[in-house]
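In: Sharing a model that was predicted from the sequence below.
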Amino acid sequence: MSIIVSNLSKNYGLQKAVNNISFTVNKGEIVGFLGPNGAGKSTTMKMITGYLTSNSGNIEVCGISVVEDVVQTKRKIGYLPESNPLYSDMYIREYLSFVAGVYNVKNTQQKIEEVIQLVGLSNEVNKKISQLSKGYKQRVGLAAALIHDPEVLILDEPTSGLDPNQILEIRDVIKRLGKNKTILFSSHIMQEVEAICDRVIIINKGQIVADDILNNLQKGKAGVHYVSVEFKEKVNAEMLSKMNECNHLSVQNEHTYTIETNHPESIRKQLMQLSLDNDVSIISMNSEKYQLEEIFKSLTK
């Protein structure tokens, strides 16, 4: 295991920011760490990286206890915090050289050019950090997190402030890095998590409320699927609602319906038979899994 979190708790006065949570992250896994604002995501990440101490519990990074040897664990971790603090008066290469020096990186100039290319900073590299857009500042932060070639990456809102094209580029970088590194990242963009992650951990009010492979979560807590169907002719909604395995029918209009079901294959077969028996034509029929956004809402309300 690259990250082992055991019975971790953190209090701010009387408030429990993180309440006795446990989870593990394996090498080569990209895990989305989700939760509403104030749920304990950033606090947990700061404790894993050693920037905050816990009140109780234990954290291991690459087999090393964060409590017993925080300096050694920090060598294993690349961290991009949500606030992404940077020295704005430095040039990009100057700043990355400074960070490389902190980690005693060998072949500094080669590593700087590698991470600049990797995160897409080549066109802006001669600017001071203060002259960069928020999106490019985020890339500088990611480059700094990668400069010492860490085994573990902790990324808190890594695509914050990026435009859609930049988000796609950084997504691609994270996916490529995930082949050889352990990545734990937070995001409020559900589509981003679905595009990148194999597994999702959801935290709410300091407690973990879900931890599973994305595909399992998308099947829904009760295996919920949605079958959307559009007919060429008008169809009686009552006829559709009485189908076996139909949990709920949503009417878009007299031609278009969405059926909630635990057995999508059965529903599709019944729709085809209904079409034949009643001489109506199906224009389109799609089956969708339970959406991550809906799962998130149901678990964090």
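Out: Everything's here; your move.
In: CA atoms for contacts and neighbours, from now on please.
Out: Fine.
In: what domains does the record give for this structure?
Out: 3-218, 225-300 (automatic domain parsing).
In: weakest of these by average pLDDT?
Out: When the domains of the chain are compared on average pLDDT, domain 225-300 comes out lowest at a mean of 87.
In: Distance across that one, terminal residue to terminal residue?
Out: 20 Å (CA to CA, to the nearest Å).
In: Show me how far that domain is from its chain's centre.
Out: 30 Å (CA atoms, centre = their mean, to the nearest Å).
In: next one: stretch 99-107
Out: The answer for stretch 99-107 is 29 Å, by CA atoms, centre = their mean.
In: buried residues in that stretch?
Out: Neighbour-count burial for stretch 99-107, counted by 16 or more other CA atoms under 10 Å, picks out 99-100, 105.
In: In TSV, list the residues you listed along with secondary structure and distance to residue 69.
Out: Listed next are the buried residues of stretch 99-107 as TSV, based on DSSP: H, G, I helix; E, B strand; the rest coil; distance: CA to CA, whole Å:
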residue	secondary structure	distance to residue 69
99	helix	21
100	helix	21
105	coil	20
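In: Kindly reformat these as CSV containing distance to residue 204.
Out: Listed next are these as CSV, based on distance: CA to CA, whole Å:
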residue, distance to residue 204
99, 34
100, 36
105, 38
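In: just to revisit the earlier point, most tightly packed of the domains of the chain?
Out: Among these, domain 3-218 has the highest mean neighbour count (mean count of other CA atoms under 10 Å), at a mean of 18.
In: What residues are bridge-paired with the most centrally placed residue in the chain?
Out: Compute the mean C-alpha point of the chain, and by CA atoms, centre = their mean the closest residue is residue 32, 3.1 Å away. Note on residue 32: beta-bridge partners residue 185, residue 200, judged by DSSP bridges.
In: how much space between it and residue 153?
Out: 12 Å.
In: hey, what's in contact with both of the two?
Out: Common neighbours of residue 32 and residue 153, counting by CA atoms under 8 Å, 6 or more residues apart in numbering, are 184-185.
In: and residue 238, what element?
Out: Residue 238 belongs to helix 237-241 when assigned by DSSP states H and E.
In: just the strands in the stretch 101-250 of the chain please.
Out: Per DSSP state E, counting those that start in this stretch, the stretch 101-250 of the chain carries strands over the ranges 152-156, 182-186, 199-204, 207-213, 225-231, 246-251.
In: Distance to residue 91 added to those, as CSV?
Out: Output for these, formatted as CSV (distance: least, CA to CA, whole Å):
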stretch, distance to residue 91
strand 152-156, 23
strand 182-186, 27
strand 199-204, 37
strand 207-213, 41
strand 225-231, 51
strand 246-251, 56
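In: So which of the ones you listed is nearest residue 270?
Out: strand 246-251 (10.4 Å; CA to CA).
In: Show residues contacting that closest one.
Out: Taking CA under 8 Å, 6+ apart as the rule, strand 246-251 contacts 237, 240-241, 257-262, 267.
In: contacting residues around the closest residue to residue 180 other than its chain neighbours?
Out: Counting by CA to CA, 6 or more residues apart in numbering, residue 180 lies nearest to residue 28, which is 5.5 Å off, once chain neighbours are set aside. Residue 28 makes contact with 178-183, according to CA under 8 Å, 6+ apart.
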